[in-house]
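[1] this one's sequence-less:
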């Protein structure tokens, strides 16, 4: 158990140091990075919504075909 806790502490410390270095040496400002993340999120969300609408249309068309076959 002691070995695991030492490893987790080291991992946390390494992540904190890495994050600090990224913030210090990033070529863009914090506002630019935040804007890029927000834009990426919006683009991903729009693509997911489009894929969802397309799949929903496909499934509705398939359901309609299956219902028509069942009636005949």
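    Thanks, I have the structure now. Every value quoted in this text rests on a predicted model; they were computed, and no experiment measured them.
[2] host element of residue 12?
    Assessed by DSSP states H and E, residue 12 sits inside helix 2-25.
[3] next one: the top helix by length along the chain to chain centre, how far?
    Within the chain, and with DSSP state H defining each element, the longest helix by residue count is helix 30-71. In terms of CA atoms, centre = their mean, to the nearest Å, the centre of helix 30-71 is set 14 Å apart from its chain centre.
[4] what is the mean pLDDT for that helix?
    Within the predicted structure, the mean pLDDT of helix 30-71 is 93.
[5] now it and helix 2-25, what's the angle there?
    Note on geometry: by axes from the mean of the first three to the mean of the last three CA atoms, to 10 degrees, helix 30-71 and helix 2-25 are set 110 degrees apart in direction.
[6] Look up how far residue 17 lies from residue 4.
    Taking CB to CB, to the nearest Å as the measure, residue 4 falls 20 Å from residue 17. (C-beta placed from N, C-alpha, C; glycine too.)
[7] Of all the residues in stretch 62-72, which ones are buried?
    Residues of stretch 62-72 classed as buried by neighbour count (16 or more other CB atoms under 10 Å): none.
[8] measure residue 38 to residue 45 for me?
    When CB to CB is applied, the distance between residue 38 and residue 45 equals 11 Å.
[9] repeat for residue 22
    Residue 22 sits at a distance of 25 Å from residue 45 (criterion: CB to CB).
[10] cool, residue 66 as well?
    Going from residue 66 to residue 45 by CB to CB gives 31 Å.
[11] again, but for residue 36
    Using CB to CB, one obtains 15 Å as the distance from residue 36 to residue 45.
[12] same question, residue 59
    21 Å.
[13] again, but for residue 21
    Distance, residue 21 to residue 45, by CB to CB: 30 Å.
[14] do residue 65 as well
    Distance from residue 65 to residue 45, counting by CB to CB: 31 Å.
[15] got a list of contacts for stretch 44-60?
    Contacts of stretch 44-60 with the rest of the structure, by CB atoms under 8 Å, 6 or more residues apart in numbering, involve no residue at all.
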